[in-house]
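Peer 1: Sequence first, then the predicted structure, then my questions.
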Amino acid sequence: MRLFIITGLSGAGKTEALNYFEDAGFYCIDNLPANLLLNLIDFFSKKNAKVSRIAVAIDLRSGYFFDEIYKTLEQLKARGIPYSILFLEASKSVIVKRFSLTRRKHPLVEYGDIGEGIEKEVERMYKLREMADVVLDTTLLKAKELRIALTERMMSDSEKSKLLQISVTSFGYKYGLPENLDLVMDVRFLPNPFYDQDLKNLNGSCKEVVQYVLSRDETKKFLRMFEKMLDFLLPNYIAEGKSYLGIGIGCSGGKHRSVVLADRIYDYLKIKGYSAKIIHRDIQKEI
C-alpha cells in the first residue's frame with residue numbers, strides 16, 4: 001500500500017496538495033481523524049476494494065483527536081504499513097493574506113488576532129514537522145509550482161509516468177479533426193493501402209495492411225523520429241503539471257495508415273510505462 005499523510009499549517013496548501021493526489025489516482029480523504037486511519041485501511045482490505053494508494057489530510061482541524069496521530073503512526077510501523085508524511089508550511093504573512101482572501105476561519109482562532117493562532121499552530125505541529133519525510137515551504141509557490149514540487153519530491157519514476165493520461169486517436173481528415181487533441185500528426189505522406197485492390201476493403205487492424213504500412217522505409221523513419229520526440233516531450237509535460245494529453249494520428253479516411261501508426265504509438269507508450277488508451281474513431285466508417 002502507498003500511504004501519504006498530508007499535514008502542516010492551515011493555509012499552506014493542503015487542499016491543493018490533496019487535489020493533486022486525487023488527480024494522480026489516489027483515494028483521498030480530507031480532515032480525517034487520525035484514530036480512524038487504521039480503520040480505513042482495514043476497511044479497504046476486508047472489502048477487497050483494490051485501493052492501494054491513499055492520501056489523507058490530518059491536521060489541527062480535528063481538534064482534540066489530532067494528538068492521536070502519534071499513536072497511529074506507531075501502530076502503522078508495528079503493522080509494517082509504509083507511509084510518507086508531507087508537511088506543508090508558509091510564512092506567517094502569506095498565511096494571513098491567504099486567510100483574508102478566502103475569509104476562512106483559522107482552526108485555532110475563535111476571536112482575535114489570526115497571527116496568534118498561526119504561532120500556536122506552529123508550536124503544536126513542531127513535533128510532527130520533525131517526523132515528516134518531506135517539508136515544503138509554499139510561501140512563494142503558485143498552485144502549478146506546488147504540483148511540480150510534489151511530483152519531484154513525492155512520486156517515484158513509475159508513478160510520474162502515470163500522472164499524464166494519454167489518449168491516442170486515429171482519424172480521417174475527411175470527417176474532421178477530433179476534439180481535445182494536443183498533438184496532431186498527418187500521415188497522408190505515406191502510400192495509401194486504399195489504392196491496393198486487395199487491401200481497400202480491409203482496415204489497419206488486419207495483418208496485411210499492417211505489413212503494407214510498416215514495411216515502408218518512410219514509416220520506419222517516421223516512427224523513430226516521433227518516438228524520440230515523445231521521449232523529450234512527455235517528461236516535460238509531466239514536470240509542468242499537465243495531466244492529459246491527446247495525440248491524433250490522421251490519414252484520409254481513418255481506416256488504414258492512421259490506425260496502424262496509432263496502434264504502434266500506443267504500444268510504445270505502454271512499453272514506456274505511460275497510462276494510455278487507444279481510440280480508432282473512423283475505423284468503422286464505410287469506404
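Peer 2: Done, it's in. Small disclaimer: the values here were computed from a predicted structure and weren't measured.
Peer 1: contacts and neighbour counts: CA atoms only from here.
Peer 2: Will do.
Peer 1: and the helix or strand of the chain with the lowest mean pLDDT, what does it pack onto?
Peer 2: Least confident helix or strand, the chain: helix 157-162 with a mean of 81, by mean pLDDT, DSSP states H and E. Packing partners of helix 157-162 (3 or more C-alpha pairs under 8 Å, 6 or more residues apart in numbering; DSSP states H and E): helix 217-239.
Peer 1: What lies in contact with the helix or strand just after the helix it packs on?
Peer 2: Once the chain leaves helix 217-239, the next helix or strand it forms, by DSSP states H and E, is strand 244-251. Outside strand 244-251, the residues that touch it by C-alpha atoms under 8 Å, 6 or more residues apart in numbering are 164-173, 178, 180-188, 257-259, 261-262.
Peer 1: switch the cut-off to 6 Å
Peer 2: For strand 244-251, contacts defined as C-alpha atoms under 6 Å, 6 or more residues apart in numbering pick out 164-172, 181-188, 258.
Peer 1: What of stretch 54-72?
Peer 2: Looking at what lies outside stretch 54-72 - C-alpha under 6 Å, 6+ apart - the contacts are 3-7, 26-35, 107.
Peer 1: Buried ones in that stretch, by neighbour count?
Peer 2: The neighbour-count check on stretch 54-72 (16 or more other C-alpha atoms under 10 Å) flags 54-61, 65-67, 69, 72 as buried.
Peer 1: So which of the residues you listed sit within helices?
Peer 2: 69, 72 (DSSP state H).
Peer 1: Restricted to strands, list the buried residues of stretch 54-72.
Peer 2: Assignment to strands by DSSP state E places the following of these there: 54-57.
Peer 1: Farthest-apart pair in those residues, please.
Peer 2: Ile54 and Ala57 (10.2 Å; C-alpha to C-alpha).
Peer 1: what are the ranges of the helices in the chain?
Peer 2: 14-23, 37-46, 68-78, 92-102, 114-131, 143-154, 157-162, 207-214, 217-239, 257-271.
Peer 1: Pick the most deeply packed of the ones you listed.
Peer 2: helix 257-271 (a mean of 21; mean count of other C-alpha atoms under 10 Å).
Peer 1: List the neighbours of that helix that are in contact with it.
Peer 2: By C-alpha under 6 Å, 6+ apart, the list of residues contacting helix 257-271 reads 170, 204, 210, 249-251.
Peer 1: got a winner among these for most neighbours?
Peer 2: Counting neighbours by other C-alpha atoms under 10 Å, Ser170 comes out on top of the contacts of helix 257-271 with 32 neighbours.
Peer 1: Distance of the nearest residue to Val135 once chain neighbours are set aside relative to Asp137?
Peer 2: Spatial nearest neighbour of Val135, chain neighbours left out: Phe87 (4.8 Å); criterion: C-alpha to C-alpha, 6 or more residues apart in numbering. Distance from Phe87 to Asp137, counting by C-alpha to C-alpha, to the nearest Å: 9 Å.
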